[in-house]
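Enquirer: here is the input, now give the coordinates:
(one chain, ligands or ions: 1)
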Amino acid sequence: MSSTAMSTTPPSFTQLNDLACAKAGGRVLFATDDWFAVADNLLKGDPPQWKEGVFTEYGKWMDGWESRRKRMEGHDWCIVQLGVSGVISGVEVDTSYFTGNFAPRFSLQAACLPDGTTFPVRQPTMGTAASSQQLAAMEEMKTEKWTELVPMTPLRPGYPDTCKNYFPITSTQRWTHVRLNMYPDGGIARLRVYGIGSKDWSTVKNSELVDLVAMENGGVCLGFSNAHYGHPRNAIGLGRAENMGDGWETARRLDRPPILKADKSGVLMVPGCEWAVYRLGHPGVILKIEIDTNHFKGNYPDSCRIEGDVVYHNVIFHWSSRTSPMSLISHHHKSLVSHNSKR
Ligand SMILES: NC(=O)NC(NC(N)=O)C(=O)[O-]
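Expert: Below is the predicted model:
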């Protein structure tokens, strides 16, 4: 089902959408033990933090999921409902800052559970663990429903050069949930589940207006010129951006002239533009485009051009910068046509 070869440089699957992150609607439904730090931290979008000398009532404050040193049979595990169900191409298990307390081994299972599958009510609270009744209820779910995507595999500790553990996954099935197992216990800072959303298009009427590029509908960014401050996949994320960090933001171009000059008609001439290519979740007739530059005030792109490609179902954004050579976009497009904005 999976190759377990671990690489240190980020593999290409890390450019895909994180289907599990909280911003995409990912949720922890169950965890065996939330003692030192709750499992929900696994799905935070921000990179893990370290707070020197900060302790909670239960131990050292840690940014991730950390269970107790086990004094009973078994191992610790949690169930994550993907925010966007889809095909998983790889996972990143980040053990940042868990050095003497990282989970020494892990495995990952996945399932495609029907809507309405119920789980015990979860109230993520440090210093708690699942009750024996909750564990017993969950045992019933420990059936053939779960498919192994990554078998039990060693993890590396959370030092800067060893904290990122990458695992490609070759399954082409659509999954709704993953189950993360730590053997036997310990800490993991983040779990990133990279893939492409898959929507059931058979239920969508021809006349229905759908955001064809949204990650929840299977849209994906295939390439870009620059993602220095923010990845262009952010622009197809769920809902509106909370802040600038939730958008696509490039670095200022180094080839911009030292002094900007206008031509006779008053147009500032600045070479080049930034671009991103998105594959739509489904081919469609594009009726409307919405581009939201929310939060970008001193750094929004001056203008843009959008191209469509029927063969590859791609839409290409070119951001040009007449007055200031920088480009970015924040959430959120609605179906695409062509758009040209000028100040
Ligand atoms: N210093 C620690 O991190 N100790 C323990 N963990 C926390 N978070 O306090 C432990 O035993 O793993």
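Enquirer: the residue in the chain that the ligand sits nearest to: neighbouring residues, count only.
Expert: The minimum distance from the chain to the ligand, using Cβ to the nearest ligand atom, falls at Gly59 (2.6 Å). Quick note: C-beta positions are derived from backbone N, CA and C, even for glycine. Number of residues near Gly59 (other Cβ atoms under 10 Å) recorded here: 15.
Enquirer: can you tell me the closest non-neighbouring residue to it?
Expert: Nearest residue to Gly59, sequence neighbours excluded (Cβ to Cβ, 6 or more residues apart in numbering): Phe36, at 4.9 Å.
Enquirer: and the gap between the residue of the chain closest to the ligand and Thr99?
Expert: Distance, Gly59 to Thr99, by Cβ to Cβ, to the nearest Å: 14 Å.
Enquirer: before we move on, the earlier item: bridging residues for the residue of the chain closest to the ligand?
Expert: Gly59 has these beta-bridge partners by DSSP bridges: Thr56.
Enquirer: distance of it from Ser67?
Expert: Applying Cβ to Cβ to Gly59 and Ser67 gives a distance of 11 Å.
Enquirer: overlap in contacts, those two.
Expert: Counting by Cβ atoms under 8 Å, 6 or more residues apart in numbering, the residues touching both Gly59 and Ser67 are 35-36.
Enquirer: I'd guessed the residue of the chain closest to the ligand sits against Gly100; true?
Expert: No: using Cβ atoms under 8 Å, Gly59 makes no contact with Gly100, being 12.0 Å away.
Enquirer: which one is Lys164 nearest to, not counting chain neighbours?
Expert: The shortest distance from Lys164 to any non-neighbouring residue, by Cβ to Cβ, 6+ apart, is to Asp94 (5.8 Å).
Enquirer: show residues contacting stretch 207-221.
Expert: Applying Cβ under 8 Å, 6+ apart, the set of residues contacting stretch 207-221 from outside is 15-17, 24, 83-84, 86, 196-199, 204, 231-233, 236-238, 276-282, 284, 286-288, 315, 332-336.
Enquirer: report the buried members of those.
Expert: Among the contacts of stretch 207-221, those classed as buried by 16 or more other Cβ atoms under 10 Å are 15-17, 24, 83-84, 86, 196-199, 231-233, 236-237, 276-281, 284, 286, 315, 332-336.
Enquirer: what does the pLDDT read for the residue with the largest distance to the centre of the chain?
Expert: Ranked by distance from the centre of the chain (Cα atoms, centre = their mean), the top residue is Lys264, with 46.3 Å. Lys264 is assigned 91 on the pLDDT scale.
Enquirer: give me the three-state assignment for it.
Expert: Assigned with DSSP: H, G, I helix; E, B strand; the rest coil, Lys264 falls in the coil class.
Enquirer: what about stretch 180-188, distance to the chain center?
Expert: With Cα atoms, centre = their mean, to the nearest Å as the basis, stretch 180-188 stands 21 Å off its chain's centre.
Enquirer: between the two ends of it, how far is it?
Expert: Start-to-end span of stretch 180-188 (Cα to Cα, to the nearest Å) is 10 Å.
Enquirer: which residues does Ile196 contact?
Expert: 16-17, 86-87, 89, 218, 220.
Enquirer: again, but for Asp263
Expert: For Asp263, the contact set (Cβ under 8 Å, 6+ apart) comprises Met269.
Enquirer: near the ligand, which residues of the stretch 201-343 of the chain?
Expert: Contact residues, the stretch 201-343 of the chain versus the ligand (Cβ under 6 Å from any ligand atom): none.
Enquirer: where does pLDDT dip in the stretch 201-343 of the chain?
Expert: For the stretch 201-343 of the chain, the stretches flagged by pLDDT under 70 are 311-314, 317-343.
Enquirer: that one: strands as residue ranges?
Expert: Counting by DSSP state E, counting those that start in this stretch, the stretch 201-343 of the chain has strands at residues 220-224, 248-249, 273-279, 303-309, 314-320, 328-329.
Enquirer: over to the stretch 1-150 of the chain?
Expert: Going by DSSP E, counting those that start in this stretch, the stretch 1-150 of the chain shows strands at 17-18, 27-31, 55-56, 59-60, 65-66, 76-94, 105-111, 147-154.
Enquirer: I'd like those laid out as a markdown table, including mean pLDDT.
Expert: Output for these, formatted as a markdown table (pLDDT from 0 to 100):
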| stretch | mean pLDDT |
| --- | --- |
| strand 17-18 | 98 |
| strand 27-31 | 96 |
| strand 55-56 | 98 |
| strand 59-60 | 98 |
| strand 65-66 | 98 |
| strand 76-94 | 97 |
| strand 105-111 | 97 |
| strand 147-154 | 97 |
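Enquirer: quick check: closest non-adjacent residue to Arg105.
Expert: Tyr183 (4.0 Å).
Enquirer: please report how far that neighbour lies from Ala136.
Expert: To Ala136, Tyr183 is 21 Å away according to Cβ to Cβ.
Enquirer: pLDDT weak spots in the stretch 1-150 of the chain?
Expert: Using pLDDT under 70, the stretch 1-150 of the chain drops low at 1-8, 141-144.
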